Structures are given as structure tokens and as C-alpha cells.
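Colleague: Give me coordinates for this.
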Amino acid sequence: CVDICFTSVTIPKMLLNIQTQSQSIPYVGCLTQMYFLILFLELDNVLLAVMAYDRFVAICHPLHYTITMSPKFCITVVSVALIITNIYPLIHTLLMDTLSFCASVRIHHIFCELYALLKLSCSDIHINELVVYTLGSCLFVAPFLFISVSYMHIFSAILRLHSSQSKLKAFSTCSSHLAVVSLFYGTLFGVCLRPSSSYTIEDSVATVLYAVVAP
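Modeller: Below is the predicted model:
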């Protein structure tokens, strides 16, 4: 559901622009698109961590899987994720609304991405970048570290299996998730760990990868 919402934020407007040959978007619409893009990006980030935990429990503690991954636990995780992931884009949207923009407001991107918008601003964006590098780093790095630790335990458990068939089955369970994690975080960190002033067309391609291809 999150993946569908994620791509629905960007693809319909992009296709409409291609069909109508119009590349304009209202300011409020641009901020709205940025808000939901960050929101679903964060939700996808959290879900990747939850999926890693799901595989960790299934492989390392299979007898406790039903108890650990109970409906109550899943509902609690989703509820907390929704609260947290709504706060971060709201902060960015409010901060963006206080900025002034230069005469040229041409966004060198296919949608209203945070870094592309910051590059257009004539105001001081140090506060915006501070939020990205502090709060943003915590929200995105923490799940990534959780996923990394989970897979360390998973690989350790798989290597202890005696049957080659069991190892292959366990690896196949994680392969698709690992591929998505590699694509998602590889492109995400490549874009987010760079200053907005150095944002290039290559970064736009990378953003499309984690915003459209990964979901």
C-alpha cells in the first residue's frame, strides 16, 4: 500500500506533464507533493526495517515467530511509524514555506524534491540543511543500522545450518529484500549526503531510482 502511495505522488503528475507538454505546478501543489514524497519515503524506510526484523525472527527464532510478529505488535509499529513519519515532512514543509525564491523557479527535476527546491532558494538554507543532517540522518540511518545488524544475525544463523538446501531456501527468502534495500539506501544516501548547492542531474536520476524503481 505504501509503495503504491509512494509512486502515486510522483508518477501521475509526471505523466500529465508529458501528455500536456506543460511543466508547471502551483506552489502549494509543489509543497504538498514534497510533503507526501518525504512521508512515504520515510514509511518505506521504516517498513524495510520491519521486513528485516520479520526475516530475522523467521530465520533466527522460528518457534517464536507467531508470538513475536503478532497482530498487536504490527499495529503498534504501524501506528508509531505513522506518527513519527508525519512530523518530519511537516517540519520541512513549514521551513520551506518561510524561504524566498529567486526569479527563476525552474526545478531541474521531474518532481518537487526537497534538495531541488532548496537549490532554488535565495534565502539562507542552513537551518533546512541542519534539519536534514540531524533529524533526517537519525530517521534514515537508524533503520539502516537496524537492518544491517539484523542481517548480520541472519547470515550468522544461515551459515550454521548444515543442509545446503536449507541455506539456499533461507538466502532466497532474503534475496529480494536485500536487493530493494541495496537500491533504496544506495541511491538515497548518495543524494542526501551531498549539499544542496552541488545537486546535479545525476542526483535527479538517483532520486528517480529510490522514488519510483525501488517501490
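Colleague: Compute the mean per-residue pLDDT across the helix ranked longest in the chain, please.
Modeller: Among all segments of the chain classified by DSSP state H, the helix with the greatest residue count is helix 27-60. Per-residue pLDDT values over helix 27-60 give a mean of 88.
Colleague: Next, the buried residues of that helix.
Modeller: Neighbour-count burial for helix 27-60 flags 30-31, 33-59 (criterion: 16 or more other CB atoms under 10 Å). (Glycine included, C-beta is placed from N, CA and C.)
Colleague: helices and strands around that helix, which ones?
Modeller: helix 2-20, helix 65-68, helix 71-97, helix 114-120, helix 137-159, helix 164-192 (3 or more CB pairs under 8 Å, 6 or more residues apart in numbering; DSSP states H and E).
Colleague: Off-centre distance for it?
Modeller: 5 Å (CA atoms, centre = their mean, to the nearest Å).
Colleague: Then stretch 150-170?
Modeller: For stretch 150-170, the gap between its own C-alpha mean and the chain's C-alpha mean amounts to 28 Å (CA atoms, centre = their mean).
Colleague: Ok, stretch 145-157 next?
Modeller: For stretch 145-157 - counting by CA atoms, centre = their mean - the centre lies 20 Å from the chain centre.
Colleague: List the contacts of it.
Modeller: Under the contact criterion CB atoms under 8 Å, 6 or more residues apart in numbering, stretch 145-157 has outside partners L48, A49, A52, Y53, R55, F56, I59, C60, A170, C174, L178, V181.
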